[in-house]
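> need the 3D shape of this:
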Amino acid sequence: GYSVDEQPISNGTYGTVFRARNTSGDTRALKVIDLTDVTQDYKTQFLPRELFAIKKLRHRFIVTTFDSFFTQFLPRELFAIKKLRHRFIVTTFDSFFVSARVFIVMELAIGGDLQDMIDKLKRPVDDSKARVIFRQVAEGLNYIHNEGVVHRDLKCDNVLLFDDQKVAKLTDFGFARTSYLPPTGQSVLVATTCGTQEYCSPELLSNHPFKPKPNDCWSLGVVLYVMTTRKTPFPLRHQRRRQMKKKYSKTGITNDDCKDLIQKILEPESLLKN
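I've put the predicted structure just below:
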C-alpha cells in the first residue's frame with residue numbers, strides 16, 4: 001500500500017500527480033488518471049470506445065465486466081512505459097486500476113522539470129549544462145525509438161531533473177504509441193494531431209499522415225532551442241509557413257556548434273525525407 005499526500009505536486013491535462021510513500025518508506029510520485037473526468041477528445045483518441053460502452057451497461061442479466069475488460073485496455077501510457085527501463089527514462093515501479101481510475105507509481109523528481117529550471121534561471125541554460133541535458137534526453141529518446149515507442153509530446157515540461165539537476169529523464173507518455181505494425185514491423189503513419197503545438201513539426205501540422213519518429217526528433221531540437229534562448233523558435237501564428245521557410249531567430253545562440261545542430265534538426269526538407 002501507499003500513503004499519499006493530500007495536496008498534489010502537479011495537475012496535468014490528463015492526470016494529477018501526488019507525493020506518496022510505500023511501506024518501506026520510499027518516496028514516489030503517484031499519477032492518478034480519473035477516466036470519468038477526462039475530456040471527450042482523450043476518450044475518442046486514446047481509449048477504445050468499447051471500454052466506455054461496456055462501463056454503462058447495467059442489467060440483471062448482464063455481467064458487468066468493466067474492471068476485467070479495462071485491464072486489457074489501459075490508457076496507452078501504461079503500455080508504453082511498462083517495459084521501458086533506461087537511466088534517462090523516468091522509472092515506473094507499479095501501475096493498477098481501481099474504480100475507473102488509473103494509478104501509476106513513478107520516480108519522484110525533486111529537481112522539478114526543465115521548464116521550471118529555465119523559468120527560475122531567467123536566462124539561457126549554460127552551454128555545458130544544456131549539452132549534458134540534450135545528450136541525456138537524446139539518449140533516452142533513441143532508446144524508446146529502438147523499443148518501438150514514440151513519445152509524441154516531447155517538451156521541456158516533460159523532462160524531469162534528478163541529482164541536483166545533473167540528470168535529465170524523459171517522462172509523461174500520455175500520447176505515446178508503438179511506431180510499427182506487428183507482426184510485420186512496418187513503420188506506422190499517424191494522422192492524430194497531439195502534443196504541444198510550439199514543439200510540433202511541420203509534418204504534424206500538415207494535416208496529412210506522417211511518421212512520428214521524425215516529429216519526436218524535431219521536438220528535441222525545439223527543446224535545445226528553448227534551453228539556449230528561453231523561447232520557442234516559431235510563433236503560433238503562421239507557424240508551419242515559418243517552419244518551411246526556416247524563419248527563426250538565431251539571436252542569443254552564441255555557441256556555433258549548438259547553432260549548427262539546431263539548424264540541422266529544424267530542417268523541414270530533411271524531416272520530409274525520413
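
> which strands and helices sit next to the one helix or strand residue 141 maps to?
Per DSSP states H and E, residue 141 falls inside helix 127-146. If you count contacts as 3 or more Cβ pairs under 8 Å, 6 or more residues apart in numbering; DSSP states H and E, helix 127-146 packs onto strand 167-170, helix 212-229, helix 256-265. No exception for glycine: its C-beta is placed from N, CA and C like everyone else's.

> where exactly do the strands run in this structure?
For the chain, the strands defined by DSSP state E cover 2-12, 15-22, 27-34, 92-98, 101-106, 149-150, 159-162, 167-170, 177-178, 180-181, 186-187.

> of those, which is nearest residue 115?
strand 159-162 (8.0 Å; Cβ to Cβ).

> what mean pLDDT does the closest one get?
Strand 159-162 carries an average pLDDT of 96.

> same question, stretch 85-98
pLDDT averaged over stretch 85-98 gives 88.

> from the rest of the structure, what touches that stretch?
The contact list for stretch 85-98 (Cβ atoms under 8 Å, 6 or more residues apart in numbering) reads 28, 67, 70-71, 74, 78, 81-82, 84, 102-107, 109, 136-137, 139-140, 143-144, 160, 167-171.

> now it: buried residues?
Buried positions in stretch 85-98, judged by neighbour count with 16 or more other Cβ atoms under 10 Å: 86, 88, 89, 90, 92, 95, 97.

> pick out the most distant pair among those residues.
Using Cβ to Cβ, the buried residues of stretch 85-98 span at most 27.9 Å, a distance reached by 88 and 97.

> what about stretch 85-104, start to end distance?
Distance between the two ends of stretch 85-104: 15 Å, counting by Cα to Cα, to the nearest Å.

> distance between stretch 126-142 and the chain's centre?
The chain centre lies 16 Å from the centre of stretch 126-142; the measure is Cα atoms, centre = their mean, to the nearest Å.

> run through who's touching it.
By Cβ under 8 Å, 6+ apart, the surrounding residues in contact with stretch 126-142 are 86-89, 114, 124-125, 151, 154, 159, 166-170, 216-217, 220, 223-224, 227-228, 254-255, 258.

> could you do stretch 260-267 as well?
For stretch 260-267, contacts defined as Cβ under 8 Å, 6+ apart pick out 217-218, 220-222, 224-225, 228, 233, 243, 246, 248, 253, 270.

> ok, now which ones touch residue 30?
Residue 30 sits next to 2, 4, 17, 18, 19, 20, 103, 104, 105, 106 when contact means Cβ under 8 Å, 6+ apart.

> hang on, the earlier thing: please indicate which of the contacts of stretch 85-98 are buried?
Buried members of the contacts of stretch 85-98, scored by 16+ other Cβ under 10 Å, are 28, 70, 74, 78, 81, 84, 102-107, 109, 136-137, 140, 143-144, 160, 167-171.

> what about stretch 235-244, start to end distance?
Taking Cα to Cα, stretch 235-244 runs 13 Å from one end to the other.

> now that stretch: buried residues?
Applying a neighbour-count criterion of 16+ other Cβ under 10 Å, the buried positions in stretch 235-244 are 239, 240, 242, 243.

> for that stretch, give the mean pLDDT please.
Mean per-residue pLDDT for stretch 235-244: 83.

> same check, this time on stretch 252-260
Here the average pLDDT along stretch 252-260 is 92.

> so where's the protein shaky on pLDDT?
The chain contains residues with pLDDT under 70 at 13-14, 37-80, 180-193, 210, 270-274.

> re the thing from before, got a markdown table for the strands of the chain, with distance to residue 205 too?
As requested, the strands of the chain are exported to a markdown table (distance: least, Cβ to Cβ, whole Å):
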| stretch | distance to residue 205 |
| --- | --- |
| strand 2-12 | 23 |
| strand 15-22 | 26 |
| strand 27-34 | 27 |
| strand 92-98 | 31 |
| strand 101-106 | 30 |
| strand 149-150 | 17 |
| strand 159-162 | 22 |
| strand 167-170 | 23 |
| strand 177-178 | 18 |
| strand 180-181 | 23 |
| strand 186-187 | 20 |
